[in-house]
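K.L.:
need a structure here:
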Amino acid sequence: MVLVIPFSDGRCSIGVVGGLEALACYQGPNIDRLRALVAADASLDCLLAQARWDTPVRQLVGYACNVSSLWGPWLRAARQCR
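P.N.:
The predicted structure follows:
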């Protein structure tokens, strides 16, 4: 899953969430892998067609690997704290 977080200055943060097995078919430097993942989604590819890829791409493996869901009562509580 590719996640895009837009910022008010026209920039955005792009992240990928997925198992190592699912991402193994994307080879090469991290920037090439990220661009391939974006290109695989037609709407993201269109949205980011004019993007400047000027920030180094990093990889974080194993972060929150024991999370069982991305929704639930804890999310509602987190939103109320804002």
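
K.L.:
What number of residues are in the vicinity of the closest residue to residue 33 other than its chain neighbours?
P.N.:
Take residue 33 and drop its neighbours on the chain: the residue closest to it by CB to CB, 6 or more residues apart in numbering is residue 26, 4.1 Å away. (Glycine included, C-beta is placed from N, CA and C.) Neighbours of residue 26 under the rule other CB atoms under 10 Å: 16.

K.L.:
Equivalent analysis for residue 35, please.
P.N.:
19.

K.L.:
before we move on, the earlier item: any idea which helix or strand carries the residue nearest to residue 33?
P.N.:
Under the criterion DSSP states H and E, no helix or strand holds residue 26.

K.L.:
show me what contacts the residue most central in space within the chain?
P.N.:
The chain has residue 15 as the residue nearest its centroid, 1.8 Å off, counting by CA atoms, centre = their mean. Shown in contact with residue 15 (CB atoms under 8 Å, 6 or more residues apart in numbering): 2-3, 5.

K.L.:
helix/strand/coil for it?
P.N.:
Secondary structure assignment for residue 15 (DSSP: H, G, I helix; E, B strand; the rest coil): strand.

K.L.:
Quick check: bridge partners of it?
P.N.:
Assessed by DSSP bridges, residue 15 has beta-bridge partners residue 3.
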